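Q: Let's see this in three dimensions:
(one chain, ligands or ions: 1)
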Amino acid sequence: IRAAAALLADYARDADFTAALRIYGGDSFAYSVERALARGVDGRDEHGARIVIAARPSTLPRGLSSTSQAAGYTGAEWIPAYSGNYQTANRGLADVKAIVIHDTEGSYAGTVSWFKDPAASVSAHYVVRSSDGHIAQMVDEKNIAYHVKCFNTSSVGIEHEGYAAQPEQWFTEAMYSESAKLTAYLADKYSIAKEHSTTAIMGHGEAPDCSDHTDPGPGWNWPHYIDLVKTGGAASFLAEDISVDAPDSLVSGEVGTVTVTISNTGTAAWDLDATRIGTADPQDRDSAFFVEGDWIGPNRATAVDAQTPAGSPGTFTFQIQAPEVAATTVYDEAFSFVQEDVTWFGPTFHVLVQVKPDTAAEPTPENSGCSIGGSGSGGIACMLALGGTLRRRRRR
Ligand SMILES: [Zn+2]
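A: The predicted model follows:
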């Protein structure tokens, strides 16, 4: 890590790390790194310990270059593969009969560079990025990409960034969703059935192929993917039946814990990094409860505590720190749920905390803990419970 940092520092000119990242790994690599830093990371290491990298919104232009798009999917960035890595052909609508799903066993940036490398002798028509579902088209669909040894002539290949052995980490909802839109487009265009079968949409491991590849492996969620293909990639994010446990009173500077439990009633799994609690009313405002080091950023409290399948309850735990106040003040902060790069969803809930100056000895309200259910009436009930000691209410 130190060597890489030293190398990047050497590449950087006038503290412009975008240029350094481009020199190091190309435009797509620079884009991936800057996007991850801008969005922040809330994940787990191999031992299950939580890792938070604070979001740092970038004002620099995105590290993307573009050239004119070949005939194909308009949602893709056109990054042509080296011409020797595929066979030029003139396939028409009747010639493409199947869609083959792969995973890269490597990074998006590495895969894109490999398909541009004359030494590769392999390619795929499309490559989908894990973090946000961004798609590169590298071979025109009328040409024959080299992605399934003996089944290339009649198929279109889609590579997905990630590793079959770590599906929860790599096969994100953003990637499923954007890939499914692409596959739906291909299925409609070439009259391919929207089903998981060896005559329509299949994994590389299932293809009538003479290689021994097994990707994308058992971790690829086929029922979910095919559902998304049928609905055009519209992932369903829904959350209901919320319970919020938060301290009702803190002294300035004091830190408390908020635990939110809510059922995943949509069709998509919640992702350890990308399914988050964000600030609401107004959306994305900076929160007065922000805790440096615990939050991903002032407008993102936390990601879900664990991967949460559809139909299961999920838990979000985060800390809040009471702001400095001169007189007892009630803070009422609104939050909601967001699948980064996909959608906001679920109810808006309120965390209502009476904050006292750290020198004053204010009377303590008789209730302890304010559990707010639903999205409105519970907040009013908590307000009434706190009313006796309420001096001033400030909305942030
Ligand atoms: Zn493959």
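
Q: Could you name the helices and strands sitting against the helix or strand hosting Thr257?
A: For Thr257, the host element (DSSP states H and E) is strand 255-264. Applying 3 or more Cβ pairs under 8 Å, 6 or more residues apart in numbering; DSSP states H and E, we find strand 255-264 packed against strand 239-245, strand 313-321, strand 343-356. Glycine gets a C-beta too; all of them are placed from N, C-alpha and C.

Q: Indicate which one of those strands is closest to the ion.
A: The ion lies closest, by Cβ to the ion, to one member of the helices and strands packed on strand 255-264: strand 343-356, at 30.1 Å.

Q: Which of the residues in that closest one are classified as buried?
A: By neighbour count, with 16 or more other Cβ atoms under 10 Å as the criterion, the buried positions of strand 343-356 are 343, 345-356.

Q: same deal with stretch 159-166?
A: Within stretch 159-166, the residues scored as buried using 16+ other Cβ under 10 Å are 159-164.

Q: Secondary structure, pLDDT and distance to the ion added to those, as TSV?
A: Shown next, in TSV, are the buried residues of stretch 159-166 (DSSP: H, G, I helix; E, B strand; the rest coil; pLDDT from 0 to 100; distance: Cβ to the ion, whole Å):
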residue	secondary structure	pLDDT	distance to the ion
Glu159	strand	98	7
His160	strand	98	10
Glu161	coil	97	13
Gly162	strand	95	12
Tyr163	coil	95	12
Ala164	coil	95	10
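
Q: Using JSON lines, please lay out these together with distance to Thr257.
A: Compiled in JSON lines, those are given as follows (distance: Cβ to Cβ, whole Å):
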{"residue": "Glu159", "distance to Thr257": "42"}
{"residue": "His160", "distance to Thr257": "37"}
{"residue": "Glu161", "distance to Thr257": "35"}
{"residue": "Gly162", "distance to Thr257": "33"}
{"residue": "Tyr163", "distance to Thr257": "34"}
{"residue": "Ala164", "distance to Thr257": "37"}
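
Q: Am I right that Pro118 is in contact with Gly84?
A: Yes - if you go by Cβ atoms under 8 Å, Pro118 and Gly84 touch, sitting 5.7 Å apart.

Q: These two: who's more crowded?
A: Between Pro118 and Gly84, counted using other Cβ atoms under 10 Å, Gly84 has the larger neighbour count: 13 against 9.

Q: Low-confidence regions, the stretch 201-350 of the chain specifically.
A: 234-235 (pLDDT under 70).

Q: Residues of it that sit close to the ion?
A: Proximity of the stretch 201-350 of the chain to the ion, by Cβ under 5 Å from the ion, involves residues 204, 213, 215.

Q: give me every residue that touches the first one.
A: For His204, the set of contacting residues under the criterion of Cβ atoms under 8 Å, 6 or more residues apart in numbering consists of 100-102, 147-148, 211, 213-216.

Q: how close does it sit to Ser312?
A: Counting by Cβ to Cβ, to the nearest Å, the separation of His204 from Ser312 is 30 Å.

Q: show me where this structure has helices.
A: Per DSSP state H, the chain carries helices over the ranges 2-11, 17-39, 108-116, 167-170, 173-190, 222-230, 377-386.

Q: Throw these into a markdown table and include mean neighbour count, thanks.
A: Listed next are these as a markdown table, based on neighbours: other Cβ atoms under 10 Å:
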| stretch | mean neighbour count |
| --- | --- |
| helix 2-11 | 10 |
| helix 17-39 | 19 |
| helix 108-116 | 21 |
| helix 167-170 | 17 |
| helix 173-190 | 21 |
| helix 222-230 | 19 |
| helix 377-386 | 16 |
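
Q: any chance of those in a markdown table, plus distance to Ser236?
A: Listed next are the helices of the chain as a markdown table, based on distance: least, Cβ to Cβ, whole Å:
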| stretch | distance to Ser236 |
| --- | --- |
| helix 2-11 | 40 |
| helix 17-39 | 22 |
| helix 108-116 | 26 |
| helix 167-170 | 19 |
| helix 173-190 | 10 |
| helix 222-230 | 9 |
| helix 377-386 | 25 |
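
Q: Compare those and report which one is nearest to Thr302.
A: helix 17-39 (13.8 Å; Cβ to Cβ).

Q: tell me the mean pLDDT for the closest one?
A: Taken as a whole, helix 17-39 carries a mean pLDDT of 75.

Q: What residue in the stretch 51-200 of the chain comes nearest to the ion?
A: For the stretch 51-200 of the chain, Cβ to the ion, closest residue to the ion: His102, 3.4 Å.

Q: what residues are up against that residue?
A: 124, 147, 157-160, 203-204, 213, 215-216.

Q: what does the model give it for pLDDT?
A: For His102, pLDDT reads 97.

Q: domains in this protein, as residue ranges please.
A: 1-60, 66-230, 239-395 (automatic domain parsing).

Q: Ignoring the adjacent residues along the chain, who's closest to the spatially most central residue of the chain?
A: When Cα atoms, centre = their mean is applied to the chain, the residue found nearest the centroid is Ala274 (3.8 Å). Leaving aside its chain neighbours, Ala274 sits nearest to Glu340 (4.4 Å; criterion: Cβ to Cβ, 6 or more residues apart in numbering).

Q: The one you found contacts Val41, correct?
A: No - applying Cβ under 8 Å as the test, Glu340 and Val41 come out as separate, 10.6 Å apart.

Q: which of these two has more neighbours?
A: Glu340 (22 against 16).

Q: And that one, how far from Arg50?
A: Glu340 is 17 Å from Arg50, by Cβ to Cβ.

Q: How many residues are close by Gly157?
A: 27.

Q: contacting residues for it?
A: If a contact means Cβ under 8 Å, 6+ apart, then Gly157 has 100, 102, 123-126, 145, 147-148 as its contacts.

Q: Could I get the pLDDT score of the residue lying closest to it once chain neighbours are set aside?
A: Leaving aside its sequence neighbours, Gly157 sits nearest to His147 (Cβ to Cβ, 6+ apart; 3.3 Å). His147 is assigned 96 on the pLDDT scale.
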